[in-house]
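1. please find the sequence and the predicted model below.
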Amino acid sequence: MITRKKVTKEIDVQDKEICDICKKEIRNVNDDESDIEITARIGDRCNGEDYRIGYRLDVCKNCFLDKVKPLLESTFNVEFTEYDCDTFDGFYVDGDDSLFK
């Protein structure tokens, strides 16, 4: 969850990001460069209008690694693909496993 605070009557800024699981502040600026996104946008877009419903979980690195990832892997018998973020942009040629560990 993202908490907000009023700076003035007209300005509302993000105050801090809180992990939805452990309820601790997510510190990813300066302390840790982890970037965890658990989001979904479900529905339709047409004629420039967006009719999707968005879903989001804000999760810290520890909760993702210790709780979310193991739960998904054991529940659905899947395994997350681990890759090098410096050289991989999300797409690869079938059969080229050189970027994966």
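-> Thanks, I have the structure now. Numbering: from 1, shown residues only.
2. mind listing what's buried along whichever strand or helix holds residue 55?
-> Following DSSP states H and E, one finds residue 55 within strand 53-57. Neighbour-count burial for strand 53-57, counted by 16 or more other Cβ atoms under 10 Å, picks out residue 57. For the C-beta atoms, the positions are set from N, CA and C on the backbone; glycine is no exception.
3. show me where the chain has its helices.
-> 61-63, 69-76 (DSSP state H).
4. winner for burial among the ones you listed?
-> Mean neighbour count (mean count of other Cβ atoms under 10 Å) peaks for helix 61-63 among the helices of the chain, with a mean of 16.
5. gap between residue 79 and residue 23?
-> Distance, residue 79 to residue 23, using Cβ to Cβ, to the nearest Å: 29 Å.
6. same check on residue 76?
-> Using Cβ to Cβ, we find residue 76 at a distance of 26 Å from residue 23.
7. likewise for residue 45?
-> From residue 45 to residue 23 the distance is 34 Å (Cβ to Cβ).
8. got it, and residue 80?
-> Counting by Cβ to Cβ, the separation of residue 80 from residue 23 is 24 Å.
9. just residue 63 next, same as before
-> Distance from residue 63 to residue 23, counting by Cβ to Cβ: 10 Å.
10. re the thing from before, the helices of the chain: lowest mean pLDDT?
-> Mean pLDDT per stretch puts helix 61-63 lowest among those, at a mean of 93.
11. what packs against that helix?
-> Using 3 or more Cβ pairs under 8 Å, 6 or more residues apart in numbering; DSSP states H and E as the contact test, no helix or strand touches helix 61-63.
12. next up, the contacts around the closest residue to residue 19 other than its chain neighbours.
-> Excluding its sequence neighbours, the residue lying closest to residue 19 (Cβ to Cβ, 6 or more residues apart in numbering) is residue 60, at 4.1 Å. Counting by Cβ atoms under 8 Å, 6 or more residues apart in numbering, residue 60 touches 19, 21-22, 24, 26, 36.
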